[in-house]
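*Asks:* With the input below, show me the fold.
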Amino acid sequence: MNKVTYLSIFLLIISQMMFSQSIDDNLSREKMLKDLKIFKNIRLKANSGLYKYRTKQQIDSIYNWAEKEINKSSSYRDFYNIISQLTDFEGSLHNDTYFPKKLTQSFKHEQEGYFPLPLKWVDKKWVINFEEGEIPLGAEIVSINNQKIDDVVKNLYKYYTTDGVNLTGKRIGIERSFSRYYRINYGRIDQFTVTYKLRDSNEIKKIILNSISYIDIYKRVFKRYSKPFDEVNYKDWKESDIYDYKALGHHTGILTLNDFGLGNEKDPRHLRYVSFLDSVFTSIKQSNIKNLIVDVRYNGGGTDPNDLVTYSYLTQRNFQENTQAWISFKKIPYLKYVYSKIPRFLRPLGVGKYNREFQKEFPEEKNGRFYQNSTSADQNIWKPNENAFNGTVYLLVSPRVASAGSLFAAMVAGNENTVVIGEETMGGYYGHNGHTPLGYILPKSKIEIFFSVVNLEQDVPEKSNQVYNRGVIPDYNVTQTYEDYLNHKDTQMNFVLDLIKKNMTE
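*Replies:* Below you'll find the predicted structure:
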């Protein structure tokens, strides 16, 4: 054989070795226990949100559960599921858990094992969200492999973290990644016995579906029926897709805010956005607009001060980003396990400067916590803009609203002149863990863990309909109806337009 042939064989062998790795590969219990101990110590030392929604007794109890679970575990997948359960239990949407890169890449090379149809939560049911599959579009799933669909989904909640005990956001995450989550939780399965019902029928039908590949299921997800209505592809968005304003007649306007990821005070995108806001609210004031619909249903967050400058046009009060914020360390602990890919905006700082930035922003120590004080940048007092809107705000929210998006939504929802319509947000009303991300790699399993280190209480009033460990709860809970799902109609927007019309005629 010539050199080319030897090289081809060598590359083929290497390729097969690389992609033969799987999340189902063995991981010893000894390694799991060592990583569990390190994981727990990191959370205790660095994660200020560990006890935000859970008592010490509850946290101790779930770690006792984790140790017992390891005794009957044998694979990377088993250990990942344990860590995901611990991570989710804390209740922070900024908590994330990832397989090491080599195992994540292995998904793409799996030729079977994935549930073959996209699902969607519609009218309190899980329905088929694909027109070209073996089960009709819109059919209600009753069970998969003899397990009720509600029980299946509960087992997948741990993979998509939300603030507190919020569930609406988890459903959004599961809709897009149901097949992958099912594969991680239950393993690779060749066939699925599915029972389902057609709309307005009590007859239970049964079908056996063959599994498909990872790549094929995401091709189907990309072609899901609801995609024209619920697609969020930030990478392809132009600035005109991110924010927009249009007037509806002489009395009503719609301000759409899909994202706050527009850079800081010096970023040209931020400066263009501020110019946009100034122009819009000047026009609103001159036109004597009485009703302003603020649509943040696709706003998953972004960067300061875009959320705050927007709120300054929607309030009559002085405000600040948060009333309290603290971290649980003076210096970053367990440096040997810190994720090497430091966030882009922190890379120039290095660890020493990174620590100094923390100490500057959180200078006040109380009982082992490090708080912001009047010298901290985030404690700046904001004033209402001179063109701030003082009519009725109709705030449209959804389970996609998170991070800076939910902070903004909470502040607007706290105003007396605001009516909130839609579904509970993923992000909390009273507070969350956010701002600064920190990542670690567990040394034995190489599982990657991320969380935000700043525990903050938002500058919002206490309201009887808002719950501490939940998202922003709407005044009118409005979800897309089954008929509107089939017809790609916006139930929530139609509801708010009808509500404005009704209020104007009374």
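*Asks:* Mind jotting down where the helices sit in the stretch 401-506 of the chain?
*Replies:* Per DSSP state H, counting those that start in this stretch, the stretch 401-506 of the chain carries helices over the ranges 404-413, 482-486, 491-505.
*Asks:* and of the ones you listed, who's closest to Asp151?
*Replies:* helix 482-486 (22.7 Å; CB to CB). For glycine as for every other residue, the C-beta is placed from the backbone atoms N, C-alpha and C.
*Asks:* before we move on, the earlier item: please identify the deepest-packed of the helices of the stretch 401-506 of the chain.
*Replies:* Comparing these by mean neighbour count (mean count of other CB atoms under 10 Å), helix 404-413 ranks first with a mean of 28.
*Asks:* Next up, the contacts around the spatially most central residue of the chain.
*Replies:* When CA atoms, centre = their mean is applied to the chain, the residue found nearest the centroid is Leu93 (5.5 Å). By CB atoms under 8 Å, 6 or more residues apart in numbering, the contact set of Leu93 is 161-163, 169, 402-403, 426-427, 432.
*Asks:* ok, of the residues you listed, which one's closest to Phe362?
*Replies:* His432 (16.7 Å).
*Asks:* Settle this for me: that closest one is touching Asp163, isn't it.
*Replies:* Yes - counting by CB atoms under 8 Å, Asp163 is a contact partner of His432 at 5.2 Å.
*Asks:* where do the contact lists of those two overlap?
*Replies:* Joint contacts of His432 and Asp163 (CB under 8 Å, 6+ apart) are 92-93, 406.
*Asks:* if we can go back for a sec, compare the contacts of Leu93 and tell me which is most surrounded.
*Replies:* With neighbours taken as other CB atoms under 10 Å, the top of the contacts of Leu93 is Gly427, carrying 35 neighbours.
*Asks:* So it sits against Phe408, correct?
*Replies:* No - if you go by CB under 8 Å, Gly427 and Phe408 don't touch, sitting 9.5 Å apart.
*Asks:* Tell me the bridge partners for the spatially closest residue to Lys125 that is not a sequence neighbour.
*Replies:* Counting by CB to CB, 6 or more residues apart in numbering, Lys125 lies nearest to Glu140, which is 4.7 Å off, once chain neighbours are set aside. Glu140 has these beta-bridge partners by DSSP bridges: Val127, Lys197.
*Asks:* For Glu140, give its distance to Glu423.
*Replies:* Taking CB to CB, to the nearest Å as the measure, Glu140 falls 20 Å from Glu423.
*Asks:* what do you get for Pro437?
*Replies:* Applying CB to CB, the value for Pro437 to Glu423 is 26 Å.
*Asks:* okay, those two: which has more neighbours?
*Replies:* Glu423 (25 against 16).
*Asks:* That one against Ser398, yeah?
*Replies:* Yes - counting by CB under 8 Å, Ser398 is a contact partner of Glu423 at 5.3 Å.
*Asks:* could you pull out the strands for the stretch 101-250 of the chain?
*Replies:* Assigned by DSSP state E, counting those that start in this stretch, the stretch 101-250 of the chain shows strands spanning 119-122, 125-128, 140-144, 147-148, 191-197, 205-210, 243-248.
*Asks:* nearest to Lys330, of these?
*Replies:* Of all these, strand 243-248 sits nearest to Lys330, with 39.0 Å by CB to CB.
*Asks:* about what we covered before: got TSV for the strands of the stretch 101-250 of the chain, with mean neighbour count and distance to Asp60 too?
*Replies:* TSV is the format used below for those (neighbours: other CB atoms under 10 Å; distance: least, CB to CB, whole Å):
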stretch	mean neighbour count	distance to Asp60
strand 119-122	22	34
strand 125-128	22	35
strand 140-144	20	34
strand 147-148	12	30
strand 191-197	17	38
strand 205-210	12	42
strand 243-248	15	46
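*Asks:* looking at these, which has the lowest confidence?
*Replies:* Lowest mean pLDDT of the strands of the stretch 101-250 of the chain: strand 243-248, a mean of 94.
*Asks:* Give me the angle between it and helix 491-505.
*Replies:* Angle, strand 243-248 to helix 491-505, by axes from the mean of the first three to the mean of the last three CA atoms, to 10 degrees: 40 degrees.
*Asks:* Mind checking what helix or strand follows strand 243-248 in sequence?
*Replies:* strand 252-257 (DSSP states H and E).
*Asks:* quick one: strands adjacent to that following strand?
*Replies:* Strand partners for strand 252-257, identified by DSSP bridges, are recorded as strand 243-248 (antiparallel), strand 291-295 (parallel).
*Asks:* taking the mean pLDDT, what do you get for that strand?
*Replies:* For strand 252-257, mean pLDDT is 97.
*Asks:* Tell me the buried residues in the next helix-or-strand element following that strand?
*Replies:* Counting by DSSP H and E, the next helix or strand C-terminal to strand 252-257 is helix 268-287. Using 16 or more other CB atoms under 10 Å as the test for burial, helix 268-287 gives 270, 273-274, 276-277, 280-281, 284.
*Asks:* ok, back up a step: so which of the strands of the stretch 101-250 of the chain is nearest Asp378?
*Replies:* strand 243-248 (23.4 Å).
*Asks:* count of neighbours near Pro228?
*Replies:* Neighbourhood size, Pro228 [other CB under 10 Å]: 8.
*Asks:* what's the closest non-adjacent residue to it?
*Replies:* Going by CB to CB, 6+ apart, Pro228 has His488 as its nearest residue, at 5.8 Å.
*Asks:* and the gap between Asn415 and Gln492?
*Replies:* Per CB to CB, Asn415 is found 20 Å from Gln492.
*Asks:* Just the pLDDT for Tyr214.
*Replies:* We have a pLDDT of 97 for Tyr214.
*Asks:* Might you report the residue contacts of it?
*Replies:* Per CB under 8 Å, 6+ apart, neighbours of Tyr214: 107-110, 113-114, 180, 183.
*Asks:* From Ile23, how far off is the closest residue in space to it that isn't next to it in sequence?
*Replies:* Sequence neighbours aside, Phe107 is the residue nearest to Tyr214 in space, at 4.7 Å (criterion: CB to CB, 6+ apart). Distance of Phe107 to Ile23, given as CB to CB: 8 Å.
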